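Asks: The following block contains a protein sequence and its predicted model.
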Amino acid sequence: MKITAARLIVCSPDRNFVTLKIETDEGIYGLGDATLNGRELAVAAYLEEHVLPCLIGRDPFQTEEIWQYFYRGAYWRRGPVTMTAIAAVDVALWDIKGKALNTPVYNLLGGKSRDGVMVYTHANGADISEALDSVQKYMAEGYIAVRAQAGVPGVASSYGVPKPGKAYEPAERGLPSETLWSTEKYLNFVPKLFEKLRVELGDDVHLLHDLHHRLTPIEAARVGKSLEPYHLFWMEDPCPAELQESFELIRRHTTTPIATGEVFNSIWDSHDLIRKQLIDYIRMTIVHGGGITHAKKTAEFASLYHVRTGFHGATDLSPVTMAAALHLGLSVHNFGIQEHMHHSPLTDEVFPHNYTFQAGYMHPGDAPGLGVDIDELLAAKYPYQRAYLPVARKLDGTITDW
Ligand code: GCO
Ligand code: MG
């Protein structure tokens with residue numbers, strides 16, 4: 001089997017997606033997600049100018065050889081653009097491999113290790129009461145794990161809280177919006193949110209919370225300690241993770257489990273965090289972390305250190321990534337949990353897929369390959385529109401992490 005063509009489908013059904021389609025001389029094609037929120041065309045250009053020409057004529061079964069070719073052959077190492085481009089190729093090749101062998105991708109990754117993949121979704125609200133209602137809504141839908149975020153009194157627009165009446169989609173068309181942040185107000189508020197949730201919801205539901213890289217290590221330690229009575233499933237991205245050793249300070253103060261890595265793009269971003277057991281869940285996902293090939297290697301490295309997977313799964317990762325993550329999540333032994341933010345109905349229409357949700361768990365389906373497709377005619381109706389993630393400032397105007 002030979003690759004005969006490779007091309008991008010850039011579309012924007014409610015938000016931007018970049019999809020790679022690789023075609024072969026046996027009529028089988030594969031899809032890969034190349035979406036990097038707010039920097040989509042950077043990846044599209046990297047693929048079109050530097051990667052796709054090198055694919056033609058290759059054997060799509062050679063996932064390891066092709067991964068190494070684009071990783072080592074580029075000379076310049078790592079980074080979100082490069083690794084998202086490599087991921088798109090890798091995932092499309094696994095899709096082709098599964099289709100050619102007439103088997104779902106999970107069977108090529110070690111087969112099923114469980115019957116379903118436990119997922120969590122996003123509950124949020126402008127205040128504690130609305131956040132509680134939102135968690136209860138998703139529990140009623142069958143979720144057994146829910147992430148809770150709420151507006152922080154005195155902070156105009158908190159991370160994770162949608163604009164009134166709108167679904168939460170942080171990337172906004174036009175130039176970057178700016179939001180304000182107050183760590184002091186947040187630190188005083190967040191224990192109240194989870195105290196209320198536990199009082200009203202009891203101990204069984206898994207509650208998760210995203211600190212979104214905003215705190216210093218000692219501030220994150222304070223949050224972790226203050227949330228221990230409410231036994232969270234995890235606190236996520238407690239502080240920026242460029243300095244991996246800073247997590248040692250958090251670890252010294254709290255037993256609240258830690259998840260990080262959604263902005264990582266290779267195993268080297270988390271090498272110390274994992275081997276020093278400074279985290280409990282690794283969130284680096286397939287679309288930004290070099291594809292199924294590299295995500296599986298990272299998961300297996302993590303399994304040596306009691307670290308489990310908790311892959312990123314927000315709406316800026318297309319249904320192609322959702323499908324790939326479910327195949328890997330069904331198979332890896334040290335699976336932890338999979339994030340599942342609902343795509344819009346229009347996005348689901350553009351990307352028909354076989355994955356399903358049932359009583360807190362998802363399954364990728366048993367179609368050969370990934371079990372996801374793209375309706376190119378429908379996608380063409382929604383052309384790309386530049387969009388940015390917000391920029392955050394502290395109340396005194398200092399730029400901070402959004
Ligand atoms: C999450 C993430 C998202 C990101 C978004 C950026 O935990 O799902 O933090 O909310 O902000 O994916 O593109
Ligand atoms: Mg996050």
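Replies: Yep, that arrived. Ligands and ions are numbered 1, 2, ... in the order given.

Asks: which SS class is the residue in the stretch 301-402 of the chain positioned nearest to ligand 1?
Replies: Proximity of the stretch 301-402 of the chain to ligand 1 (CB to the nearest ligand atom) peaks at residue 314, 3.4 Å away. (C-beta placed from N, C-alpha, C; glycine too.) State at residue 314, reduced to three classes by DSSP: H, G, I helix; E, B strand; the rest coil: coil.

Asks: So what does it look like in phi/psi?
Replies: phi -80, psi 170 (degrees, to the nearest 10).

Asks: Equivalent analysis for residue 201, please.
Replies: According to degrees, to the nearest 10, residue 201 has phi -110, psi -10.

Asks: which residues touch it?
Replies: For residue 201, the contact set (CB atoms under 8 Å, 6 or more residues apart in numbering) comprises 132, 135-136, 139, 207.

Asks: burial of residue 307, as a residue count?
Replies: 26 (other CB atoms under 10 Å).

Asks: Same question for the one 10 residues further on.
Replies: Residues lying near residue 317 (other CB under 10 Å) number 26.

Asks: From residue 16, how far out is it?
Replies: 12 Å (CB to CB, to the nearest Å).

Asks: joint contacts of the two?
Replies: The contact lists of residue 317 and residue 16 share residue 35, where a contact means CB under 8 Å, 6+ apart.

Asks: Find the nearest non-adjacent residue to residue 61, please.
Replies: Distances taken as CB to CB, 6 or more residues apart in numbering put residue 97 closest to residue 61, at 5.8 Å, once the chain neighbours are dropped.

Asks: need the next SSE after the helix or strand bottoming out on mean pLDDT in the chain, C-terminal direction.
Replies: In the chain, the helix or strand scored least confidently by mean pLDDT, DSSP states H and E is strand 172-173, which has a mean of 90. Next in sequence after strand 172-173, counting helices and strands by DSSP states H and E, comes strand 178-181.

Asks: so which residue of the stretch 51-200 of the chain comes closest to ligand 1?
Replies: For the stretch 51-200 of the chain, CB to the nearest ligand atom, closest residue to ligand 1: residue 170, 5.4 Å.

Asks: What confidence value was assigned to the nearest residue to that residue once chain neighbours are set aside?
Replies: Closest residue to residue 170 apart from its sequence neighbours, by CB to CB, 6+ apart: residue 389 at 5.6 Å. Here the pLDDT value assigned to residue 389 is 96.

Asks: which ones are touching residue 359?
Replies: Taking CB under 8 Å, 6+ apart, we find residue 359 in contact with 142, 144.

Asks: quick one: it from residue 104, how far?
Replies: 21 Å.

Asks: again with residue 110
Replies: On the measure of CB to CB, residue 110 and residue 104 end up 12 Å apart.

Asks: neighbour-wise, which of these two wins?
Replies: Legend: neighbour count by other CB under 10 Å for residue 110 and residue 104, higher for residue 104 (27 against 14).

Asks: mind checking pLDDT for the nearest residue to that one once chain neighbours are set aside?
Replies: Leaving aside its sequence neighbours, residue 104 sits nearest to residue 366 (CB to CB, 6+ apart; 5.1 Å). Looking at residue 366, its pLDDT reads 98.

Asks: Residue ranges of each domain in the protein, please.
Replies: 3-104, 108-367 (automatic domain parsing).

Asks: in the stretch 251-400 of the chain, which ranges drop under the pLDDT threshold?
Replies: Regions of the stretch 251-400 of the chain meeting the criterion pLDDT under 70 are absent.

Asks: What segments of it are helices?
Replies: 271-275, 291-303, 319-331, 345-350, 376-379 (DSSP state H, counting those that start in this stretch).

Asks: Next, count neighbours for the closest residue in space to residue 364 that isn't next to it in sequence.
Replies: Nearest non-adjacent residue to residue 364, counting by CB to CB, 6+ apart: residue 326, 3.8 Å away. Neighbourhood size, residue 326 [other CB under 10 Å]: 32.

Asks: hang on, the earlier thing: wait, the residue of the stretch 301-402 of the chain closest to ligand 1 sits on residue 342?
Replies: No - applying CB atoms under 8 Å as the test, residue 314 and residue 342 come out as separate, 10.3 Å apart.

Asks: List the residues that contact residue 60.
Replies: Contacts of residue 60 (CB under 8 Å, 6+ apart): 1-3, 22, 24, 30, 93, 96-97, 100.

Asks: need the residues you listed in a markdown table with neighbour count and secondary structure, can you?
Replies: Formatted as a markdown table, those follow (neighbours: other CB atoms under 10 Å; DSSP: H, G, I helix; E, B strand; the rest coil):
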| residue | neighbour count | secondary structure |
| --- | --- | --- |
| 1 | 15 | coil |
| 2 | 11 | coil |
| 3 | 24 | strand |
| 22 | 26 | strand |
| 24 | 20 | strand |
| 30 | 27 | strand |
| 93 | 27 | helix |
| 96 | 27 | helix |
| 97 | 22 | helix |
| 100 | 17 | helix |
